[in-house]
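**Student:** Next one to model:
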Amino acid sequence: MTTFSVPYARRTLLVSLVSVGMGFTVLFPVLAPLGREIGLSEIQITSIISASGLIVFLASPIWGRMSDQWGRKKVMLIGLFGVAFGTTLFTSMLLVGLTGLLTGTALFLALVLSRMLHATVMAASMPAANAYMADITDASNRTKGMGAAGAANNLGSILGPAVSGLAVVSLLTPLWVMAAVALLNAFFVWRFLPEPPRHSAARRPSRLKYSDPRILPFVIVGVLMFTGMGIVQQTMGFRFQDALRLSAAATAQKVGLAMMLSAACSLLAQGVIVQRMSFRPFTLLRLAMPLLILAFAILSLADSQFWLTAAMGILGLGMGLAGPGFMAGASLAVPAEEQGSVAGVAGSCGPLGFTIGPLAGGALYQLAPPLPYATAAATYVVLFVAMFWLAGRVTEHQG
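**Tutor:** Sure thing, here's the model as predicted:
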């Protein structure tokens, strides 16, 4: 291509994000039953995700700044190839556990280490992708651009749990398939995604602090919001298996269906509601909170497949509204030259939530199965009340 075409770049980016969404969600329906099959406890299983979430939290701001310096495409490619090879490494360690070559503490440490190595490089993909979307949108359509990116990611989040249905072949089959899909996606981006012109040349990256008053309200909202989501995604396998008395393979299938519904509702919110309605970022966040509170309340009380699945749908709708509001709000709070940095900081809020959430959720679940969801509901009530004060501390940058 001799000239940069925004529509072409946008379509190519969104296609790639479908695959990224698949990679992020294919593991969740199978990890809980897999972990139990190889003899790990609930807290050990959730600790694996918490450890990788901590690494992504630490690495995302660095990768975001590097995308300002090296270019969005190069950093995206690092992340996408990292997903492919990291998934292969982690799945190999699970295979070692299933065959009995490693057991107990040695197996647990091998899984944690392989997942952390995976996370270190995987963390490059989303900050670069979100900064890329910020590069090709302006203040008037930033929220819709982030909504489109979220919709593409959620379409992948529907397909990811669908791939997990291959657990009927073997529990590891979905992960092997996803490693191959991630590798194909990396080659797709390498061949077809152009570099945005404004970031084709190297530049000195700026460091953006979490305490920066321009973005602090979004950091608070994002961390708490994703902590709740981390609690759900890493304990729902236990909840379905225990409440419905399911086998490992049946658990993966039913949790996969619930996550597909959740992602479909999120896709509806981001692909239809956000695109057709001109809501400001904090308006979307305030609309999302009552839905999230309701979802967690149902999860804490339900013991049937219908209500557990319905709660996941409501949760997806709420997160579908909240996600674009969070990302667009943080992006609009800073000028163009800090988009990589803010994408890294905002992008790390989710991993921090997924560090705290699984640990808290696993510990609370061992005390009482409804407790993680009741705790999350109470946290979101406090966040909803505080959001009216936080919104008054935000100034949008129109550059």
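**Student:** so residue 209, which of the three states?
**Tutor:** coil (DSSP: H, G, I helix; E, B strand; the rest coil).
**Student:** what's the spacing between it and residue 274?
**Tutor:** 29 Å (CB to CB, to the nearest Å). Yep, even glycine has a C-beta here, placed from its N, CA and C like the rest.
**Student:** Between those two, point out the one with more neighbours.
**Tutor:** residue 274 (26 against 12; other CB atoms under 10 Å).
**Student:** Skipping its backbone neighbours, what lies nearest that one in space?
**Tutor:** The spatial neighbour of residue 274 that comes closest, neighbours along the chain excluded (CB to CB, 6 or more residues apart in numbering), is residue 147 at 3.4 Å.
**Student:** same question, residue 310
**Tutor:** In space, residue 310 is closest to residue 298, 6.9 Å off (CB to CB, 6+ apart).
**Student:** Quick one: low-confidence residue ranges for the stretch 151-300 of the chain.
**Tutor:** Along the stretch 151-300 of the chain, the parts satisfying pLDDT under 70 run over 198-206.
**Student:** again, only using 90
**Tutor:** 151-171, 195-264, 266-286 (pLDDT under 90).
**Student:** What helix or strand is the residue nearest to residue 274 located in?
**Tutor:** Residue 147 is part of helix 142-164 when elements are defined by DSSP states H and E.
**Student:** and that helix, what other elements does it pack with?
**Tutor:** helix 6-25, helix 28-37, helix 125-135, helix 173-192, helix 248-268, helix 274-276, helix 305-332 (3 or more CB pairs under 8 Å, 6 or more residues apart in numbering; DSSP states H and E).
**Student:** so how far is it off the chain centroid?
**Tutor:** Centroid separation for helix 142-164 versus its chain: 10 Å, with CA atoms, centre = their mean, to the nearest Å.
**Student:** Alpha carbons only: can I get that helix in CSV?
**Tutor:** This file holds the C-alpha atoms of helix 142-164, laid out as CSV (Å, rounded to 0.1, in the frame of the first residue of the first chain):
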residue,chain,number,x,y,z
ARG,A,142,-13.2,7.7,19.9
THR,A,143,-15.9,6.0,22.0
LYS,A,144,-17.4,4.3,19.0
GLY,A,145,-13.9,3.2,17.8
MET,A,146,-13.1,1.6,21.2
GLY,A,147,-16.6,0.1,21.1
ALA,A,148,-15.9,-1.5,17.7
ALA,A,149,-12.6,-2.8,19.0
GLY,A,150,-14.4,-4.2,22.0
ALA,A,151,-17.1,-5.7,19.8
ALA,A,152,-14.5,-7.5,17.6
ASN,A,153,-12.8,-8.8,20.8
ASN,A,154,-16.1,-10.0,22.1
LEU,A,155,-16.9,-11.8,18.8
GLY,A,156,-13.7,-13.6,19.5
SER,A,157,-14.9,-14.2,23.0
ILE,A,158,-17.9,-16.0,21.6
LEU,A,159,-15.7,-18.1,19.3
GLY,A,160,-13.2,-18.9,22.1
PRO,A,161,-15.6,-20.8,24.3
ALA,A,162,-17.1,-22.4,21.2
VAL,A,163,-13.6,-23.8,20.5
SER,A,164,-13.5,-25.0,24.1
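**Student:** In a markdown table, list the helices and strands packed on helix 142-164 along with distance to residue 235.
**Tutor:** Shown next, in a markdown table, are the helices and strands packed on helix 142-164 (distance: least, CB to CB, whole Å):
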| stretch | distance to residue 235 |
| --- | --- |
| helix 6-25 | 15 |
| helix 28-37 | 8 |
| helix 125-135 | 23 |
| helix 173-192 | 20 |
| helix 248-268 | 10 |
| helix 274-276 | 28 |
| helix 305-332 | 12 |
